[in-house]
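> Sequence below, structure please.
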Amino acid sequence: MYDPTRAKARRIEISLSVRQVADRVGVSENAVYAWEAGDRTPTLDHFVELAHVLRIPFDGLMRQAEGTVLESELFASELFRSATVGAEPTIRDSDDADTRLFVDQFYGSLR
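Have a look, this model is predicted:
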């Protein structure tokens, strides 16, 4: 299950504005505010994009609850995302996330 507290904390940790997250995920700022407030939950495709924008593995955006996220659906969304032209590699764990964030900071901006 999506954890809005973790998503907001990560956004703040890597110094992204709500506007930047919204633009990169492809949603309105109101959608991001609603996700962070826990009023709405991102779709699986938006969840995948959000994880990549926040440079965090999927489980870093989920509460520890059994059976709340269908892993096969999440995997399918990630496969679809990764098949698009120019898609970044999958962020599988915290080491991948840290590496991606380092590269972003090295080049001076988050994508």
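> which residues of the protein score low on pLDDT?
By pLDDT under 70, the low-scoring segments of the chain are 64-75, 85, 109-111.
> That one: helices as residue ranges?
Using DSSP state H, the helices found in the chain span residues 4-13, 18-25, 29-37, 44-53, 71-82, 94-106.
> Grab the nearest non-local neighbour of Ser94.
Pro57 (6.3 Å; Cβ to Cβ, 6 or more residues apart in numbering). (Each C-beta comes from the backbone N, C-alpha and C, glycine too.)
> quick revisit: need the winner for burial among the helices of the chain.
Ranked by mean neighbour count, those are led by helix 44-53 with a mean of 22 (mean count of other Cβ atoms under 10 Å).
> Just checking the distance from that one to the centre of its chain.
4 Å (Cα atoms, centre = their mean, to the nearest Å).
> quick one on the thing from earlier: any idea which of the helices of the chain gets closest to Arg63?
Nearest to Arg63, of all the helices of the chain, is helix 4-13, at 8.1 Å by Cβ to Cβ.
> How far away from the center of its chain is the closest one?
With Cα atoms, centre = their mean, you get 10 Å for helix 4-13.
> How about stretch 26-40?
The answer for stretch 26-40 is 13 Å, by Cα atoms, centre = their mean.
> same deal with stretch 56-64?
9 Å.
> Dump the helices of the chain to JSON lines, plus distance to Arg63.
Converted to JSON lines, these look like this (distance: least, Cβ to Cβ, whole Å):
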{"stretch": "helix 4-13", "distance to Arg63": "8"}
{"stretch": "helix 18-25", "distance to Arg63": "20"}
{"stretch": "helix 29-37", "distance to Arg63": "14"}
{"stretch": "helix 44-53", "distance to Arg63": "13"}
{"stretch": "helix 71-82", "distance to Arg63": "14"}
{"stretch": "helix 94-106", "distance to Arg63": "17"}
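> who's in contact with the residue nearest to Ser94?
Neighbouring residues of Pro57 by Cβ atoms under 8 Å, 6 or more residues apart in numbering: 51, 91-94, 96-97.
> again with Arg100
Going by Cβ under 8 Å, 6+ apart, Arg100 touches 55, 88, 91.
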